[in-house]
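>>> Need coordinates for the following:
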Amino acid sequence: MKETNKLLNDLIKNHNSNIRFDKDLETDFTKINKFWDPIIINSDSSDMRSIKDNSVTLTFTSIPYNVGKKYDGYNDKQLWSNYIEMIYSIFKEIYRVTRANGRVGINIANLGRKPYLNLVGLISYLLQKVGFQLNGEVIWHKGQSGNGTSWGSWLSSSNPSLRDVHEYIVFARKGNKKITPPPGGENTITRQGFLFTSMSYWQINASQNKKHPAVFPIGLPWRAINFLTFTNDIVLDIAAGTGTTLKAAYELGRKAIGYDISKKYTEIMRKDINELGDKLRNEYNKKGWQTWFEDLNKNPLEDWF
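The predicted structure follows:
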């Protein structure tokens with residue numbers, strides 16, 4: 001215990017008192033012996049009939065916040081009753097496809113000031129309502145607010161506002177027992193990565209990707225996948241956008257499935273993931289690592305279950 005505490009203190013000190021994401025420090029890439037081309041489905045995730053019951057180890061996603069963002073093919077400003085019904089139906093599908101003791105991580109933020117809406121509480125309630133057990137939450141510090149000016153009364157106590165520089169990741173699970181690895185499954189998280197990720201505070205700068213109005217940085221799904229799954233496990237994103245979760249799962253040797261209702265975003269996803277596959281092949285060939293790339297055309301979805 002003393003040795004672990006010393007290591008953690010040294011790591012924090014060396015990172016300027018901020019536990020920042022570093023995939024090379026947090027990941028043992030030598031444990032990855034197969035890459036699986038992600039499967040991308042251009043469809044509504046409230047009906048995921050392509051995925052069998054009890055098959056997904058981790059769902060990691062960010063759902064729409066219902067604040068009027070300009071998504072392609074989706075109205076992000078609905079009546080709250082309609083929004084809640086939609087999220088509930090999606091969560092029921094996530095619960096169905098999640099294996100026993102599998103997990104789900106939802107990136108979400110609270111909204112507004114007049115009034116302040118506890119969206120994290122709503123999402124936590126809906127997860128429990130479909131059968132999940134809450135397993136904790138992570139505070140994601142996104143970096144400084146930069147040019148944000150939503151401070152209310154400037155330099156005055158009359159009516160100042162808090163400026164959000166954080167969001168949350170709500171974790172829940174289907175059961176409370178250990179999960180077993182799939183055939184050939186390996187842990188890929190390092191000791192340092194485990195110490196960093198098991199803390200409930202992650203400092204990871206917000207994504208600068210402009211291809212989609214709501215992109216989280218790859219460090220979020222990377223940490224969750226590295227922490228909560230084995231190689232060859234199935235990872236799902238029900239609102240995959242430009243494929244950040246799928247890219248992290250791909251690099252980590254997990255099987256990834258991504259749903260998105262937008263044809264535009266699924267085309268961007270396919271292009272980006274094809275480029276990532278070429279990059280990974282080149283990197284691993286240069287290192288001389290014996291890693292097998294599973295071609296999607298030779299490995300249809302039904303063979304994964």
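>>> name the helices or strands packed onto whatever helix or strand Thr59 lives in?
Here Thr59 sits within strand 56-62, counting by DSSP states H and E. Taking 3 or more Cβ pairs under 8 Å, 6 or more residues apart in numbering; DSSP states H and E as contact, the helices and strands that strand 56-62 lies on are helix 80-97, strand 98-108, helix 219-228, strand 234-237. C-beta coordinates here come from the backbone N, C-alpha and C atoms, glycine included.
>>> which element is Asn135 on?
In the assignment (DSSP H and E), Asn135 maps to strand 133-141.
>>> Show me what counts as buried in that strand.
For strand 133-141, the neighbour count (16 or more other Cβ atoms under 10 Å) marks 137-138, 140-141 as buried.
>>> Just list the residues touching the nearest residue to Tyr95 once chain neighbours are set aside, thanks.
Spatial nearest neighbour of Tyr95, excluding adjacent residues (Cβ to Cβ, 6 or more residues apart in numbering): Val130 at 4.6 Å. The contact partners of Val130, by Cβ atoms under 8 Å, 6 or more residues apart in numbering, come to 88, 91-92, 94-95.
>>> now do 7 Å
Residues counted as contacts of Val130 (Cβ atoms under 7 Å, 6 or more residues apart in numbering) are 88, 91-92, 95.
>>> go on, Val104?
Contacts for Val104 (Cβ under 7 Å, 6+ apart) come out as 59, 94, 98, 127, 132, 172.
>>> show me the contacts for the first one.
Shown in contact with Thr59 (Cβ under 7 Å, 6+ apart): 94, 98, 104, 236, 238.
>>> Run a quick neighbour tally on the residue nearest to the second one when sequence neighbours are not counted.
So the one you mean is Thr98. Spatial nearest neighbour of Thr98, excluding adjacent residues (Cβ to Cβ, 6+ apart): Lys174 at 4.6 Å. Neighbour count of Lys174, defined by other Cβ atoms under 10 Å: 22.
>>> Verify the stated contact: Glu120 with Glu167.
In this structure residue 120 is Val, not Glu. No - counting by Cβ atoms under 7 Å, Val120 stays clear of Glu167, with 8.9 Å between them.
>>> send the alpha carbons of the strand holding Asn135 over as PDB?
What follows is strand 133-141, C-alpha atoms only, in PDB (Å, rounded to 0.1, in the frame of the first residue of the first chain):
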ATOM      1  CA  GLN A 133     -27.400  -0.500 -10.900                       C
ATOM      2  CA  LEU A 134     -25.500   2.800 -10.500                       C
ATOM      3  CA  ASN A 135     -21.800   2.200 -10.100                       C
ATOM      4  CA  GLY A 136     -20.500   5.800  -9.600                       C
ATOM      5  CA  GLU A 137     -19.700   8.900 -11.600                       C
ATOM      6  CA  VAL A 138     -16.600  10.600 -12.900                       C
ATOM      7  CA  ILE A 139     -16.200  14.400 -13.000                       C
ATOM      8  CA  TRP A 140     -14.600  15.200 -16.400                       C
ATOM      9  CA  HIS A 141     -12.700  18.500 -16.200                       C
END
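>>> Many thanks, we can stop here.
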